[in-house]
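Asker: I'd like to go over a predicted model; first the sequence, then the structure.
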Amino acid sequence: MLFFRLQAVVFFLLFSFISIAQKDATMVIKIDNPGFEGTPQFSARYISGWIDCGKFRFAKESPVDLQPGFFDVVMAPYKGRSYLGMVARDNESWESVTQLLRKPLQPNQCYTFSAHLAASPTYKSNARGEGIAVEEARANDVDLEFIHHTTPIVLRIWGTKDQCSPAELLAESPIITNNEWEKYDFRFEPKEEMNFIMLEAFYKTPSPFPDNGHILIDELSDIVAIPCSMDPPIVDIVTPKKSGETEKTTYQVKAKLQNVFNKDDIDFMLNNKRYSDFDFDIASGEITAEIPLKKGINKIDIKGSNPEGQRTASASIRQMKESKVIVELPAKSKEDNTVAVQVDKKEELTLEGVKRIDLRKNQKLEIKNLSFNKDVYEIEDTHEKTLLRIVDFLKVHKDITIEIGGHTNKNCADKYCLLLSEKRAQSVASFLIEKGIAQKQLLAKGYGRTQLIINSGKEYANRKNQRVEIKIIDLGS
């Protein structure tokens, strides 16, 4: 009898262990107040479930906002009656919120998480006493009343051990430019145990400097644990199974994917063209899409990918309804025997926005989105996109010769400024040559601090002066 009791205890403990292991493998961490519900207000000092980190990190700045209705933000919530609005500022401060998780994030465990993000066309606040915009206004003798936080920025997701102290960057969104709500999926794998999750607005633009921007956040998902290594994807189209027919002009497609946890890893093709207007539930792996149908056969291909491989499932829908289109054309004039043909013209190359036909000898052009930090002359990754456009132009117009002119701010000795400006000019010229531009098309020259754009020692003036310019030397024939 004792033996059977011991056996029962062993089976119970084994079953409990298996149940716990299975539960951990599909662990879901619920987020409190995922839609930032509350009474819309600017400088919201209390948001249920969330702590504002601004008062700890940037004590002089105001708290985050519960939108809509303030600073000219009128976008309707994705769900509920409110959503979070956070700004980044050009005085090198930014807003963030944090939440204590119901269960800590575990090291070497992978998770998925999603958020609905957007940007408003307007986000206007009263001008403050510092920052690049303020310095620029003063330099131009302009009375600045408002600051427009409209430069696109990103959402950064941090894991923290303490409330508002960033410990590990878990994920970062692309630059948010959409003016309607879009769902963004994230995947992260903490290296250490994290007790809090922190959402942070942060500037990240082609410019190397801080800027005034904002981000809107609504309807967060749960945090779902997923396997870090997995089998290849499994893709199954639920409706239509293999083929279907309908007289409607739209059709709801449903599919189920396994071992795929990010919408970016799904290719939904409709009639051999990418179709992005579909919903994907990370936790369940379910896809739903209301697709438009053309007359006849409509082909659907859904491909899921992960590091272990790819799988594709296909189906087709036949749209049966006859559709008639009546077009009335005006009577053709006897003199008009021509037929208008629309030609898809390739976008004309320009040199910093100026067409070849408008260039003049000795004309100077500032290279946009290219300036240097103090005492720096190396080309950074953020500069390359700008310089590659110059490469494309010069490769087409091989008869043009340009001077690359380097410049500095006023806060250095003449000899040092001249040397630094020459190195800046040579860095740009060397980059262009490495990308295939003939050396005979380029001259590099340093001007030191002799050609200041703004003659002041303010931060904004320094950044404007630490630049490289193009001068047209020869336009050829």
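Answerer: Arrived safely, thanks for sending. Keep in mind it's a predicted model, so treat the numbers as computed, not measured. Numbers count the residues shown, from 1 in each chain.

Asker: so where's the chain shaky on pLDDT?
Answerer: Residue ranges of the chain with pLDDT under 70: 1-26, 205-208, 321-347, 456-457, 460, 477.

Asker: all helices of it, in order?
Answerer: Taking DSSP state H, the helices of the chain run over residues 2-25, 54-57, 132-139, 384-396, 414-434, 459-465.

Asker: mind checking the end-to-end distance for stretch 396-406?
Answerer: 24 Å (C-alpha to C-alpha, to the nearest Å).

Asker: what residues sit buried inside that stretch?
Answerer: Using 16 or more other C-beta atoms under 10 Å as the test for burial, stretch 396-406 gives 397, 400-406. All C-beta spots, glycine's among them, are computed from the backbone N, C-alpha and C.

Asker: ok, of the residues you listed, which one's closest to Arg57?
Answerer: Of all the buried residues of stretch 396-406, Gly406 has the smallest distance to Arg57: 36.8 Å, by C-beta to C-beta.

Asker: in the sheet, who's paired with that closest one?
Answerer: Gly446, Val468 (DSSP bridges).

Asker: hang on, isn't it packed against Lys445?
Answerer: Yes - the pair Gly406 / Lys445 is scored as a contact, 7.3 Å apart, by C-beta atoms under 8 Å.

Asker: what touches both of the two?
Answerer: Shared contacts of Gly406 and Lys445, defined by C-beta atoms under 8 Å, 6 or more residues apart in numbering, comprise 422, 425.

Asker: just to check, Thr177 is in contact with Ser120?
Answerer: No - in this structure, Thr177 is not within contact of Ser120 by C-beta under 8 Å, at 11.3 Å.

Asker: of these two, who's got more company?
Answerer: For Thr177 versus Ser120, neighbours defined as other C-beta atoms under 10 Å are more numerous around Ser120 (20 against 10).

Asker: nearest spatial neighbour of the more buried one, skipping sequence neighbours?
Answerer: Sequence neighbours aside, Val73 is the residue nearest to Ser120 in space, at 4.6 Å (criterion: C-beta to C-beta, 6 or more residues apart in numbering).

Asker: ditto for Phe70
Answerer: According to C-beta to C-beta, 6+ apart, the nearest residue to Phe70 is Phe42 (4.2 Å).

Asker: same question, Glu37
Answerer: Gly80 (4.9 Å).

Asker: what about the strands in the stretch 301-450 of the chain?
Answerer: 309-319, 364-371, 401-406, 442-446 (DSSP state E, counting those that start in this stretch).

Asker: packed most tightly, which of these would that be?
Answerer: Mean neighbour count (mean count of other C-beta atoms under 10 Å) peaks for strand 401-406 among the strands of the stretch 301-450 of the chain, with a mean of 23.

Asker: how far off strand 364-371 does that one point, in degrees?
Answerer: 50 degrees (axes from the mean of the first three to the mean of the last three C-alpha atoms, to 10 degrees).

Asker: output the contacting helices and strands for strand 401-406.
Answerer: If contacts are counted by 3 or more C-beta pairs under 8 Å, 6 or more residues apart in numbering; DSSP states H and E, strand 401-406 sits against helix 414-434, strand 442-446, strand 467-474.

Asker: what comes up buried for the last one?
Answerer: Going by neighbour count (16+ other C-beta under 10 Å), the buried part of strand 467-474 is 467-472.

Asker: same question, the longest one
Answerer: Of the residues in helix 414-434, those scored as buried under the neighbour-count criterion (16+ other C-beta under 10 Å) are 417-429, 431-432.

Asker: quick one: which of the residues you listed is nearest Glu95?
Answerer: Arg424 (34.6 Å).

Asker: distance of that closest one from Ala461?
Answerer: 17 Å (C-beta to C-beta, to the nearest Å).

Asker: my read: Glu172 touches Leu155, true?
Answerer: Yes - if you go by C-beta under 8 Å, Glu172 and Leu155 touch, sitting 7.2 Å apart.

Asker: between the two, which one's more packed in?
Answerer: Leu155 (23 against 16).

Asker: the more buried one reaches Tyr203, doesn't it?
Answerer: No - in this structure, Leu155 is not within contact of Tyr203 by C-beta under 8 Å, at 11.6 Å.

Asker: can you get me a residue count around Glu252?
Answerer: One correction, residue 252 is Gln, not Glu. 12.

Asker: dump the residue contacts of it.
Answerer: 239, 288-291.

Asker: just the buried residues out of those residues, in ChimeraX syntax.
Answerer: Buried members of these, defined by 16+ other C-beta under 10 Å, are picked up in ChimeraX with:
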select :289,291
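
Asker: and the gap between Asn411 and Gln451?
Answerer: Asn411 is 15 Å from Gln451, by C-beta to C-beta.

Asker: kindly apply the preceding question to Lys60 instead.
Answerer: According to C-beta to C-beta, Lys60 and Gln451 sit 37 Å apart.

Asker: looking at those two, which one has more neighbours?
Answerer: Gln451 (14 against 11).

Asker: which residues touch that one?
Answerer: Gln451 is in contact with 405, 407, counting by C-beta under 8 Å, 6+ apart.

Asker: try it again with 10 Å
Answerer: 364, 405, 407-408, 421, 465, 467, 469 (C-beta atoms under 10 Å, 6 or more residues apart in numbering).

Asker: again with Asp90
Answerer: Counting by C-beta under 10 Å, 6+ apart, the residues that Asp90 touches are 128, 130-136, 147, 149, 151, 203, 209-213, 459-460.

Asker: change it to 7 Å
Answerer: 131-133, 210-212 (C-beta atoms under 7 Å, 6 or more residues apart in numbering).

Asker: what of Leu100?
Answerer: The contact partners of Leu100, by C-beta under 7 Å, 6+ apart, come to 195-196.

Asker: so what's it bridging to?
Answerer: Residues in beta-bridge contact with Leu100 (DSSP bridges): Phe196.

Asker: please report the distance of it from Leu66.
Answerer: Leu100 is 20 Å from Leu66, by C-beta to C-beta.

Asker: again with Pro34
Answerer: In this structure, Pro34 and Leu66 are 14 Å apart, going by C-beta to C-beta.

Asker: which of those two has more neighbours?
Answerer: More crowded of Pro34 and Leu66, by other C-beta under 10 Å: Leu66, with 23 against 19.

Asker: wait, doesn't the more buried one sit right on Asn33?
Answerer: No - counting by C-beta atoms under 7 Å, Leu66 stays clear of Asn33, with 11.0 Å between them.

Asker: count of residues packed around the residue lying closest to His397 once chain neighbours are set aside?
Answerer: With C-beta to C-beta, 6+ apart as the criterion, His397 has its nearest non-adjacent residue at 5.9 Å, and that residue is Arg356. Around Arg356 sit 15 other residues, with neighbours defined as other C-beta under 10 Å.
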